[in-house]
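>>> Here is a sequence with its predicted model. Questions after.
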Amino acid sequence: MTISQDLFSRAQESIPGGVNSPVRAFNGVGGTPLFITNAEGPYTYDADDKKYIDYVGSWGPMILGHNHPEIKQAVLEAVERGLSYGAPTETEILMAEKVKELVPSIEKVRMVSSGTEATMSAIRLARGFTGRDKILKFEGCYHGHADSLLVKAGSGALTMGVPNSPGIPADFAKHTLTVAFNDIEQVKAIFNEYKDEIACIIVEPVAGNMNCIPPVEGFLEGLRSVCDEHKSVLIFDEVMTGFRVALGGAQAYYNIQPDLTCLGKVIGGGMPVGAFGGKKEIMDFIAPVGPVYQAGTLSGNPIAMAAGLKALELLSQGNLHQELEAKSKALCEGFQQAANEAGIPLTTNYVGGMFGFFFTTAESVNSYQQATECDLERFKKFFHLMLEEGVYLAPSAFEAGFVSSMHTDADIADTIAAAAKVFKKL
Ligand code: PMP
């Protein structure tokens, strides 16, 4: 028995499923989750002292690698001044100013403590601002676990085959309309049907919770014009893409301005942080200036702000995002070539520092339907054999992979060599 196996059985005695977030339990791939003891740069180390090249990166936040010395230092300095005050601090202003500087459409921003809070609050704000109840989301997009958003969701909800969770009143779910990602005709059709009842569209501008699926040409532009036409709020959920596909997020990469943006992951530098922001006139609709209530005891926590602000400062230096995209590209091309040589049908997607690969004979994957039709059994085998080779990929075929600034050319080459070996065994 490995130490991870031992810890997992112990964990199951006192934590539901042994984990504090479902995908961590390896439900999508079977087997025992690795219990991590420490992480440094691009590597994580498990309880059995095995080292892994890590492409999960805490599900996105670790874009600068694990335990970055300057972020660690910023946190330690903040700790010296106290852990939480529940009163305003100057660091929160610096953070808001930095976010405004980097994210093109954000004029005002409010900090929260998770991505779920960010999307939940943005939806409430859009509903309050427009006075409408219905929202439109896309099949396979995951926006956290708030009631209205756990309808046809991706990520763990998709992996576990429970896209509609019990505990959500049908009366809530009925206000959530869903159509296919990347299909603008379906969006237009549903707006024709519901006319002026739709408060907002919420979308992952690059879907990362049904593997990695970029928007097809014209899709995001189409959403912008439908929202303009119907006076609906366009929300980009950039919890995953923010500061990752480009410094200014997907809205900078594709040059489309949403009305509201949700942020998370990278913005906390590894601490629990989320944020939502956007146009002044909409953001001023939240309390205390506006009527829509939203709050948080630990929102803008000084330790979390110190970590996040330092992460954003470091990310703003140099050509980091071009380098990240070059790494994603090298990884995808390497996987593709090795798979071709082994006669394994595969296709890949990448945007900036996020990537995905699909076991399919399709030439490209750009829909939820296609993502779910891939060879999941082959993915499971691939995942476990890669673990044996010391490569830690997301434990689900419905998650994007992440590179960090700390992954070296040698790490990428080692990963491709491992994949080449594994493809031959599939
Ligand atoms: N939106 C997106 C696009 C996400 O990927 C996630 C988390 N994976 C969330 C929202 C929810 O964030 P959190 O898990 O921090 O609540």
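That came in fine, so what should we check first?
>>> worst-scoring helix or strand of the protein, pLDDT-wise?
Using mean pLDDT, DSSP states H and E, the weakest-scoring helix or strand in the chain turns out to be helix 155-159, at a mean of 65.
>>> Which helix or strand lies directly C-terminal to it?
Note on helix 155-159: by DSSP states H and E, the next helix or strand toward the C-terminus is helix 170-173.
>>> So for that next one, what gets flagged as buried?
Ala173 (16 or more other C-beta atoms under 10 Å). Bear in mind the C-beta positions are built from the backbone N, C-alpha and C, glycine included.
>>> Could you do stretch 223-243 as well?
Buried residues in stretch 223-243 (16+ other C-beta under 10 Å): 223-224, 226-227, 230, 232-243.
>>> Same check on stretch 14-27?
Gly18, Val19, Pro22, Val23, Arg24, Ala25, Phe26, Asn27.
>>> Could I get the phi/psi values of Gly356?
Main-chain dihedrals, Gly356, degrees, to the nearest 10: phi -150, psi 150.
>>> For the chain, give the residue positioned nearest to the ligand.
The minimum distance from the chain to the ligand, using C-beta to the nearest ligand atom, falls at Gly115 (2.2 Å).
>>> Neighbours of that residue, how many?
Gly115: 30 surrounding residues under other C-beta atoms under 10 Å.
>>> and what of Pro215?
Pro215: 24 neighbours (other C-beta under 10 Å).
>>> cool, Ala39 as well?
Look at Ala39: counted by other C-beta under 10 Å, it has 18 neighbours.
>>> Confirm it sits in a strand?
Yes. According to DSSP: H, G, I helix; E, B strand; the rest coil, the state of Ala39 is that of a strand.
>>> so who does the residue lying closest to it once chain neighbours are set aside touch?
In space, and not counting its chain neighbours, Ala39 is closest to His66: 3.6 Å by C-beta to C-beta, 6 or more residues apart in numbering. If a contact means C-beta atoms under 8 Å, 6 or more residues apart in numbering, then His66 has Ala39, Glu40, Gly41, Pro42, Tyr43, Thr44, Asp54, Gly57, Ser58, Met406 as its contacts.
>>> for Ile412, same thing?
By C-beta under 8 Å, 6+ apart, the contact set of Ile412 is Lys327, Ala330, Leu331, Gly334, Val403.
>>> returning to that earlier point: which of the buried residues of stretch 223-243 are close to the ligand?
The overlap between the buried residues of stretch 223-243 and the neighbours of the ligand (C-beta under 6 Å from any ligand atom) comes to Asp237, Val239, Met240.
>>> Now do the same for the last one: its pLDDT.
I take that to be Met240. Looking at Met240, its pLDDT is 98.
>>> what does the first one give?
At Asp237 the predicted local distance difference test score is 98.
>>> what's the residue lying closest to it once chain neighbours are set aside sitting at in phi/psi?
Nearest in space to Asp237, with sequence neighbours left out and distances taken as C-beta to C-beta, 6+ apart, is Cys262 at 4.7 Å. Geometry field for Cys262 lists phi and psi as phi -100, psi 140, criterion degrees, to the nearest 10.
>>> do Asp237 as well
The phi and psi torsions at Asp237 (degrees, to the nearest 10) take the values phi -90, psi 100.
>>> Is it correct that it is in contact with Thr119?
Yes. Asp237 lies in contact with Thr119 (C-beta atoms under 8 Å); the separation is 5.7 Å.
>>> shared neighbours of these two, anything?
His143, Ile202, Cys262.
>>> and which of these is nearest to Leu320?
Cys262 (22.3 Å; C-beta to C-beta).
>>> Not counting sequence-adjacent ones, nearest residue to the residue of the chain closest to the ligand?
Gly264 (3.2 Å).
>>> and that neighbour, how many neighbours?
28.
>>> quick one: it and Val19, what's the gap?
19 Å (C-beta to C-beta, to the nearest Å).
>>> circling back: quick one, phi/psi of the residue of the chain closest to the ligand?
According to degrees, to the nearest 10, Gly115 has phi -60, psi -40.
>>> That one contacts Val266, doesn't it?
No. Using C-beta under 8 Å, Gly115 is not in contact with Val266, being 10.8 Å away.
>>> Show me the helices in the stretch 101-250 of the chain, by range?
For the stretch 101-250 of the chain, the helices defined by DSSP state H, counting those that start in this stretch cover 115-130, 155-159, 170-173, 184-194, 219-230, 250-253.
>>> Now Val245. Its backbone dihedrals?
In terms of degrees, to the nearest 10, the main-chain angles of Val245 are phi -80, psi -30.
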